[in-house]
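Enquirer: Predicted structure and sequence below. I'll ask about it afterward.
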Amino acid sequence: MKKKLILIDGNNIAYRAFFALPLLNNEKGIHTNAIYGFTMMLNKILEEEKPTHMLVAFDAGKTTFRHETFKEYKGGRQKTPPELSEQFPFIRDLLKSFHIPQFELENYEADDIIGTLSLEAEKKDFEIKIYSGDKDLTQLASEKTTVCLCRKGITDIEEYTPEHVKEKYGLTPQQIIDMKGLMGDSSDNIPGVPGIGEKTAIKLLKEFETVEKVVDSIDEISGKKLKERLQEHKQQALMSKELATIKRDAPLGITVEELEYQGPDWEKVQSIYKELGFQSLLEKIDQTQETEVQPLEKLEYQTVEEITEDLFEQENSFYLEMIGENYFISDIVGMAVQNEKGIFYLPTESTLKSPVFKKWAEDETKKKTVFDAKRTVIALRRHGIELKGIEFDLLLASYLINPSESPSDFADVAKLHGFNEVQSDEAVYGKGAKLKLPDREIYEEHIARKAVGLTKLAETCRDVLKENDQLSLFYDLEMPLALILADMEWTGVKVDVDRLTEMGDELHNRLQEIEKEIYELAGQEFNINSPKQLGHILFEKMGLPVIKKTKTGYSTSADVLEKLESSHEIVRYILEYRQLGKLQSTYIDGLLKVVHQNTHKVHTRFNQALTQTGRLSSADPNLQNIPIRLEEGRKIRQAFVPSEKDWVIFSADYSQIELRVLAHISGDQKLIEAFREDMDIHTKTAMDVFHVQKEEVTSNMRRQAKAVNFGIVYGISDYGLSQNLGITRKEAGQFIERYFASYPDVKEYMDEIVREAKRKGYVTTLLHRRRYLPEITSRNFNVRSFAERTAMNTPIQGSAADIIKKAMIDMAERLKKEQLKSRMLLQVHDELIFEVPPDEIETMKKIVPDVMEHAVELKVPLKVDYAYGPTWYDAK
DNA sequence: TGAGTCACGC
DNA sequence: GACGTACGTGACTCAT
């Protein structure tokens, strides 16, 4: 077996982890972020590299032999924060329990230890990988040594081989030292040659190879200034090079053979994890211990040539693979089934043609566990097969268990729940431009593995759901909803393409006129869509006052431009250009791109396992953000029409569902009464906050009250509210205080939910949906505040999401029961949209509000408004 | 290809 | 007082 040595720059990795992660601490008040990050990194390395030899090198003392050369070396460095220093002993202990050798050497830095050992190991024909965050180490890259630098964070790794160094800098690894010599390194206080940066250094080295040769050939260098500088600082350059050179012959007194890695003492590791409170890592131990016993062996599965009935059982895991997100477009790669009889790979073509398969798929009594039921149903429906008997959707289960960890890749979900025997899709199929189908055996096994994973994981996840009291949420809400959404997506929405094209033409003309006008007023042509160019024109050329800056330059967002409207005529045109441009590119062109040629329908995909709050999202096209606020944009809705002649679009929306939910869960009497009496809630809020009678509420007071309610519903901060209302943060804060004074039970709820989130680590909704908020104990005010607002807001938004989902299920059932032809088409968070034949309008006017209003019983009534018309636009 | 900015909805 | 500000999708630019 090939010997593989991993060398880790201990100080550097700890340092990186410390700054990449929030300042976590455990029960005893010990800071743990650097330890945690370090451990994560370590685990990742062990898992992915499977080293035979290993060492973590640390810096010894403050002074090294380099200080003899240059006493300011590493001068001006910030002292290591005590919060980090105190973590080092734990890291050392942990390494001990992992049986990973660690080493430090008086007068030398970790770099030199690594340099010396890597050289020795190269001679002994090891494969070597070096982990650090310090670019200096790239000088050690060679044919046998790869330098892995973490970029931002701790797990994002960039691997430097000599080729990669060449690509990045155009230099050999050895020349990295020369580069440092010329340009210096501010973090180590290496001076280099003043005025020479990376670019110049690289240019010089490409021509002269080394600092020495550069110095010898100063006369040949072009550029007077450069020449002078080099002349003046040539000694400094040579010294800088020396400082940057990693020693490869440090007197270590150990040999590579002594660094053999034999695996951890799991018990010790476990007890340290326990002491530090590393819950997730503890769980991982159990898993790795289990899986390490039986490493990825070749999977025994059978490729089925001809499908026969005896392949299937009463209970089966069924995995259907597609590459590509859009299951309305992508092709099926293959399918696999696992049951008590074995693991079977089903080749696409023959399977889809097989009547036996069809019969099994459509048999309600043959139970199936799948990953992403909606995708699977639609993929098969495109081939005339109606998948029935879906009992468990692992994607949805995983999403409910923890919405923040709900990736679309099966391998991610599998790993999360302790099943490591599936590769990531990216590893198998590649990504982006490199996406392609690998050899047949490879993807067959990959797909078969997923079927195996399904069986195991479904069991685990079912237990967790039960533990979390989420079985009903899963079986009675999300699972049935998936099938309803599949039908809605499949039905699609008809688009009046001619109308859309017409609107597009008109917009195009108007945009051209506005564009001309803008160029004229600006005195030149430029790209109005480029914030950079626009900022240049407005704030530099035309000298308009700068209201706000962004990271990269001047802000040109709408709220800034609105403030500038009176300053110059051009601003109005730009705002209009933006508005119309948005309509044109996103809603006209964008929509036309996804309309199906023959049917003139769009088939949005609702993502049911994405948002942190439990809402759905919609994509390709996103039909949840079709304009409505401004008349100009609202007209887009005229292009959404019923798919059959004389039918109507029927839209029903919950009135103030979030605030009603708030009234319910806070139990605030004043709010409850307001809703029971069906008052205008913003007027009511204005009355309570401003202490006035109904008649005295001005439109401005109502507007402000509305913004406060908005803030409550969306969990915005005083800052957010101040931006919304154009007032100071202080004033906004006072508003919020007054609101809480008026509704003390709401205040009490908010305080309690934050306490609960801190206690339990998560918050829940009406129907037991969860959202974990680990950041609620953060030391960072902003991070913590954000988590606190999330704690207050998620139960409100999430419960509203629960309610409308329940309404959708009831509605689908009712349509079926009453044998109506009306179809549910869309959900837009608090609104359901149907297409309805004329003779069912009267029925729907009764049924829809009835079903929606009684989806759940709250302490306040739910209220639904509805409207209908020949287009979506008219359903207002 | 990815980050940044902007804009639409709830 | 810090610091960056609900949840999404998508278009566009610009540097890499």
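Expert: Yes, it's here.
Enquirer: residues contacting the residue lying closest to A:Lys225 once chain neighbours are set aside?
Expert: Setting aside the residues directly before and after it, A:Lys225 is nearest to A:Gly195 in space (CB to CB, 6 or more residues apart in numbering), at 7.2 Å. Quick note: C-beta positions are derived from backbone N, CA and C, even for glycine. Residues in contact with A:Gly195 (CB atoms under 8 Å, 6 or more residues apart in numbering) are A:225-226, A:229.
Enquirer: so A:Glu525 touches A:Lys516, yeah?
Expert: No. A:Glu525 lies out of contact with A:Lys516 (CB atoms under 8 Å); the separation is 9.5 Å.
Enquirer: what about the closest residue to A:Gln584 other than its chain neighbours, which helix or strand?
Expert: With CB to CB, 6+ apart as the criterion, A:Gln584 has its nearest non-adjacent residue at 4.8 Å, and that residue is A:Leu507. In the assignment (DSSP states H and E), A:Leu507 maps to helix A:497-522.
Enquirer: Do any residues in that helix lie close to DNA strand B?
Expert: No. Helix A:497-522 stays clear of DNA strand B (CB under 7 Å from any atom of the strand), getting no nearer than 12.5 Å.
Enquirer: Next, the contact list for the spatially closest residue to A:Lys548 that is not a sequence neighbour, please.
Expert: Closest residue to A:Lys548 apart from its sequence neighbours, by CB to CB, 6+ apart: A:Ser555 at 4.1 Å. When contacts are counted by CB under 8 Å, 6+ apart, A:Ser555 is found next to A:531, A:535, A:547-549.
Enquirer: Next one: A:Ser555 from A:Phe690, what distance?
Expert: Note on A:Ser555: its distance to A:Phe690, by CB to CB, to the nearest Å, is 33 Å.
Enquirer: same deal with A:Gln139?
Expert: 69 Å.
Enquirer: One more: A:Lys79?
Expert: Noted for A:Lys79: a distance of 53 Å to A:Phe690, by CB to CB.
Enquirer: residues in contact with A:Pro795?
Expert: Counting by CB under 8 Å, 6+ apart, A:Pro795 makes contact with A:661, A:665, A:753, A:763-766.
Enquirer: next one: A:Met183
Expert: A:192-193, A:196-198, A:200-201.
Enquirer: And the residue in the stretch 1-150 of chain A positioned nearest to DNA strand C, what's its pLDDT?
Expert: DNA strand C sits closest to A:Pro22 of the stretch 1-150 of chain A, with a gap of 12.3 Å, by CB to the nearest atom of the strand. We have a pLDDT of 71 for A:Pro22.
Enquirer: okay but it is in contact with A:Arg779, surely?
Expert: Yes. At 7.0 Å, A:Pro22 counts as touching A:Arg779 under the criterion of CB under 8 Å.
Enquirer: A:Glu128 sits in which helix or strand?
Expert: Actually, residue A:128 is Ile rather than Glu. Per DSSP H and E: strand A:127-132 holds A:Ile128.
Enquirer: wait, I meant A:Glu321
Expert: strand A:315-322.
Enquirer: Partner strands of that strand and their direction?
Expert: Paired with strand A:315-322 in the same sheet, following DSSP bridges, are strand A:332-339 (antiparallel), strand A:367-370 (parallel).
Enquirer: So what touches it?
Expert: A:330-340, A:366-371, A:375-376, A:379-380, A:391, A:410, A:443, A:446-447, A:450-452, A:454-455, A:458.
Enquirer: go with 6 Å
Expert: Outside strand A:315-322, the residues within contact range by CB atoms under 6 Å, 6 or more residues apart in numbering are A:330, A:332-339, A:367-370, A:376, A:379, A:447, A:450-451, A:454-455.
Enquirer: can you check stretch A:95-104 too?
Expert: Applying CB under 6 Å, 6+ apart, the set of residues contacting stretch A:95-104 is A:54-58, A:60, A:113, A:259, A:262, A:264-265, A:268-269, A:272.
Enquirer: at 7 Å instead, please
Expert: A:10, A:42, A:54-60, A:92, A:113, A:254, A:258-259, A:261-265, A:268-269, A:272 (CB atoms under 7 Å, 6 or more residues apart in numbering).
Enquirer: picking that back up, put together CSV for the contacts of A:Ser555, with neighbour count, pLDDT and distance to A:Asp589 on each row.
Expert: Shown next, in CSV, are the contacts of A:Ser555 (neighbours: other CB atoms under 10 Å; pLDDT from 0 to 100; distance: CB to CB, whole Å):
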residue, neighbour count, pLDDT, distance to A:Asp589
A:Pro531, 16, 88, 21
A:Gly535, 20, 88, 26
A:Ile547, 16, 85, 31
A:Lys548, 11, 85, 30
A:Lys549, 12, 84, 31
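Enquirer: which two from these end up farthest apart in space?
Expert: A:Pro531 and A:Ile547 (13.7 Å; CB to CB).
Enquirer: residues from chain A in reach of DNA strand B?
Expert: A:432-433, A:531, A:550-553, A:555-558, A:561, A:575, A:578-579, A:582, A:624-630, A:633-634, A:828-831.
Enquirer: Make a markdown table out of the strands paired with strand A:315-322 and add mean neighbour count and distance to A:Gln235.
Expert: Shown next, in a markdown table, are the strands paired with strand A:315-322 (neighbours: other CB atoms under 10 Å; distance: least, CB to CB, whole Å):
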| stretch | mean neighbour count | distance to A:Gln235 |
| --- | --- | --- |
| strand A:332-339 | 23 | 64 |
| strand A:367-370 | 24 | 71 |
